[in-house]
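> Please work out how this folds:
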Amino acid sequence: MREVFCFLLSLSPFFSITLAEGLVLLGLAWAGFLFLKGKRQRFPDFFFALLAFAALSFLSALFSLDSKVSLRDTKELFLYLIPGVVLLCSKNAIKRGLVLGAGLAAFLGLIRDIFVRQDRLTGFVGHYMTEGGLMMMALLLVVALMLFEGLRWEYAFSVVAVLLALLLTLTRSAWVGALVGLVFLLYRKKKALAGLLIPAVLAGLMLAPSRIRDRALSIFSLSNPTNVERLNMWKVGLRMARLRPIFGIGQNMASRLYPQYKKNNLPPPEIPHLHNTYLQLAVERGFLGLLAFLVFVFLVIKQLWNRKDPEALGALAVMLGFLASGFFEYNFGDSEVKIALLIIISLPFIHHKEVLNDKNTQKASVI
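The predicted structure follows:
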């Protein structure tokens with residue numbers, strides 16, 4: 001029963017946010033029951049930074065310019081407890097759920113795209129940028145498993161389907177994240193391989209359909225409308241960040257204040273968010289919230305950097321890709337992406353024991 005639950009948990013963010021959140025809540029109930037029975041867990045250090053970020057997010061909502069609006073966002077704070085659930089699972093069940101879940105979601109999304117033509121593939125999650133973020137992380141994890149563990153049928157199936165789905169989302173931020181993560185993985189496998197990636201990408205672009213090639217080349221265009229909009233958003237965001245620098249203006253408030261801080265008639269007139277994770281956190285959760293997030297990121301990278309197992313290398317590539325993508329998209333505000341990220345970075349710490357007096361092992365805390 002545990003194996004089935006863990007498999008479904010890691011599969012769920014690729015298909016349904018409702019299912020994913022429901023399984024997380026069920027997992028937290030399971031973890032609470034085990035805690036009451038006397039079972040104690042080892043947690044990686046980054047988990048405590050994540051809890052600090054959650055606490056500061058709640059304070060930001062309380063001190064918000066409109067606490068009623070911001071407090072609605074705090075209903076998702078339980079997602080930051082996901083590592084505590086994942087660490088109760090078996091590594092194989094989580095890994096298979098991620099690989100097969102991403103591959104199956106991508107494959108079915110591609111089949112659907114044949115019959116229901118879309119400008120940009122949205123998959124089961126309903127938005128191309130969310131789908132792009134999920135496919136980017138899945139691609140990096142599966143490539144890491146193929147490079148450092150070996151080729152299996154499920155890896156081959158998943159990597160082909162996920163790559164095609166990622167390309168058809170036309171999500172440039174996810175493409176940038178995938179490129180950063182792939183460079184890291186190829187470098188760790190063999191330094192010379194990393195140098196071959198750029199020529200391979202350029203050759204692929206020459207053979208790609210025009211809509212993919214044009215979309216990729218638009219990354220470098222200062223006249224592209226969406227690039228211009230992003231630059232304008234960031235300028236406005238920097239002005240808003242000065243309003244309440246400590247705790248921020250509160251969650252879900254940047255989009256409401258944006259029209260007031262926008263000068264002249266520069267596009268866009270309205271925004272859902274600032275298309276930059278770091279700026280969004282600085283504006284809405286203040287310097288303290290951004291600092292807690294950066295400490296969380298630092299600890300994840302620190303605890304994984306010297307490890308050589310496939311899951312750790314995959315999780316590190318995913319984190320690097322996620323960070324690169326976050327410069328152009330508020331990906332940490334996307335629940336499906338957040339759930340998948342927390343599952344993936346927790347995967348290497350399942351049954352990972354601390355060896356005392358060994359400086360090359362990762363530290364863990366006990367509660």
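> mind checking the longest helix of the protein?
The longest helix of the chain (DSSP state H) is helix 277-304.
> who does that helix touch, helix- and strand-wise?
helix 45-62, helix 225-241, helix 254-261, helix 310-325 (3 or more C-beta pairs under 8 Å, 6 or more residues apart in numbering; DSSP states H and E). Placement of C-beta: from N, CA and C, glycine included.
> redo that, cut-off 10 Å
strand 42-44, helix 45-62, helix 225-241, helix 254-261, helix 310-325, helix 335-346 (3 or more C-beta pairs under 10 Å, 6 or more residues apart in numbering; DSSP states H and E).
> now these in CSV, with distance to residue 75 and mean pLDDT?
Converted to CSV, these look like this (distance: least, C-beta to C-beta, whole Å; pLDDT from 0 to 100):
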stretch, distance to residue 75, mean pLDDT
strand 42-44, 23, 91
helix 45-62, 10, 97
helix 225-241, 24, 94
helix 254-261, 18, 92
helix 310-325, 23, 98
helix 335-346, 11, 97
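> Show me the one of the ones you listed that comes nearest residue 126.
In terms of C-beta to C-beta, the element of the helices and strands packed on helix 277-304 nearest to residue 126 is helix 335-346, at 9.5 Å.
> mind exporting that closest one as CSV, just the C-alpha atoms?
Extracted C-alpha coordinates of helix 335-346, given in CSV (Å, rounded to 0.1, in the frame of the first residue of the first chain):
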residue,chain,number,x,y,z
SER,A,335,1.8,24.8,-7.4
GLU,A,336,2.3,21.8,-9.7
VAL,A,337,5.9,22.9,-10.4
LYS,A,338,6.5,23.5,-6.7
ILE,A,339,5.2,20.0,-5.8
ALA,A,340,7.3,18.3,-8.4
LEU,A,341,10.4,20.3,-7.4
LEU,A,342,10.1,19.4,-3.7
ILE,A,343,9.5,15.7,-4.5
ILE,A,344,12.6,15.6,-6.8
ILE,A,345,15.0,17.4,-4.4
SER,A,346,13.8,15.2,-1.5
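> what angle do it and helix 45-62 make?
On the basis of axes from the mean of the first three to the mean of the last three C-alpha atoms, to 10 degrees, helix 335-346 is oriented at 150 degrees to helix 45-62.
> centre of the chain versus the longest helix of the chain, how much separation?
13 Å (C-alpha atoms, centre = their mean, to the nearest Å).
> Determine the angle, from 0 to 180 degrees, between that helix and helix 225-241.
90 degrees.
> Please work out the average pLDDT along helix 277-304.
Averaging pLDDT along helix 277-304 yields 97.
> Next, the angle helix 254-261 makes with that helix.
With the same axes, to 10 degrees applied, the angle from helix 277-304 to helix 254-261 works out at 140 degrees.
> Can you point out the buried residues in helix 277-304?
Residues of helix 277-304 classed as buried by neighbour count (16 or more other C-beta atoms under 10 Å): 277-293, 295-297, 299-301, 303-304.
> Let's have the helices and strands packed on helix 277-304 in TSV, adding distance to residue 145 and mean neighbour count.
Output for the helices and strands packed on helix 277-304, formatted as TSV (distance: least, C-beta to C-beta, whole Å; neighbours: other C-beta atoms under 10 Å):
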stretch	distance to residue 145	mean neighbour count
strand 42-44	20	19
helix 45-62	22	21
helix 225-241	33	17
helix 254-261	37	16
helix 310-325	5	25
helix 335-346	11	24
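> Make TSV out of these and add distance to residue 137.
Shown next, in TSV, are these (distance: least, C-beta to C-beta, whole Å):
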stretch	distance to residue 137
strand 42-44	18
helix 45-62	17
helix 225-241	22
helix 254-261	25
helix 310-325	5
helix 335-346	6
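> who wins for proximity to residue 22 among these?
Nearest of those (C-beta to C-beta): helix 335-346, 11.5 Å.
> Helix 310-325 and the closest one, what's the angle between them?
Taking the same axes, to 10 degrees, one finds helix 335-346 and helix 310-325 inclined to each other by 140 degrees.
> roughly how far apart are the closest residue to residue 273 other than its chain neighbours and residue 187?
Excluding the flanking residues, the one nearest residue 273 by C-beta to C-beta, 6 or more residues apart in numbering is residue 330, at 4.2 Å. Shown here: residue 330 relative to residue 187, a distance of 28 Å by C-beta to C-beta, to the nearest Å.
> more neighbours, the two?
Neighbours per residue (other C-beta atoms under 10 Å) separate residue 330 from residue 187, with residue 330 holding more: 23 against 14.
> quick one: the more buried one and residue 275 touch, right?
Yes - contact criterion C-beta atoms under 10 Å: residue 330 and residue 275 qualify, at 6.2 Å.
> which residues do the two both contact?
129, 173 (C-beta atoms under 10 Å, 6 or more residues apart in numbering).
> quick one: contacts for the residue nearest to residue 273?
129, 173, 254, 271-281, 284, 337.
> can we see that at 8 Å?
273-277, 280 (C-beta atoms under 8 Å, 6 or more residues apart in numbering).
> nearest to residue 191, of those residues?
The closest of those, once distances to residue 191 are taken by C-beta to C-beta, is residue 277, at 29.8 Å.
> Is it correct that the closest one is in contact with residue 328?
No - assessed by C-beta atoms under 8 Å, residue 277 is found out of contact with residue 328, at 9.1 Å.
> From residue 106, how far off is the residue sitting furthest away from the middle of the chain?
Of all residues in the chain, residue 264 has its C-alpha farthest from the mean position, at 34.3 Å, by C-alpha atoms, centre = their mean. Plainly put, residue 264 is 42 Å away from residue 106 if you go by C-beta to C-beta.
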